[in-house]
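K.L.:
after the sequence you'll find the predicted model.
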Amino acid sequence: PLFRLSFSLPSGFVDEGIADIKAITGAFAPNPRNNGEPMLFLSAKEGKIVVLEDPDNSDDSKTIANMGSRMCTNGERGLQTIRPHPDFEDNRFLYMYYSVKTSGCKESAT
């Protein structure tokens, strides 16, 4: 590696992983099927997009897209963010910012 961080934890602290979750980002939008109440879109680096239509009252989610085959996800690449159009209630447009897969792209999402 180019450099290595070296430090010791204070007495009584332990270093342990608590989750193995890839990069996830999200955005709220008014839900046109629920009187404009907020809905939550979540997107993962690998290209999966899910929606929680009533995030305040339910953790039920529905996959609405999986763009993994269109994207380069190695390193810091992949689906970076998702945003609803300012007039989402009427047009239901979502904008995604992602790295397009090219011939030199590695397949790994790590």
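P.N.:
Looks like it came in fine.
K.L.:
low-confidence stretches in this protein?
P.N.:
By pLDDT under 70, the low-scoring segments of the chain are 1-7, 17-22, 107-110.
K.L.:
all helices in it, in order from the N-terminus.
P.N.:
Listed in chain order, the helices of the chain (DSSP state H) span 88-91.
K.L.:
in it, mark out all the strands, start to finish.
P.N.:
Remark: strands assigned in the chain by DSSP state E are 24-30, 38-44, 48-52, 62-66, 79-84, 94-98.
K.L.:
can you lay out these as JSON lines showing mean neighbour count and distance to Phe13?
P.N.:
Yep, even glycine has a C-beta here, placed from its N, CA and C like the rest. Converted to JSON lines, the strands of the chain look like this (neighbours: other CB atoms under 10 Å; distance: least, CB to CB, whole Å):
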{"stretch": "strand 24-30", "mean neighbour count": "15", "distance to Phe13": "27"}
{"stretch": "strand 38-44", "mean neighbour count": "19", "distance to Phe13": "30"}
{"stretch": "strand 48-52", "mean neighbour count": "18", "distance to Phe13": "34"}
{"stretch": "strand 62-66", "mean neighbour count": "12", "distance to Phe13": "38"}
{"stretch": "strand 79-84", "mean neighbour count": "18", "distance to Phe13": "33"}
{"stretch": "strand 94-98", "mean neighbour count": "15", "distance to Phe13": "37"}
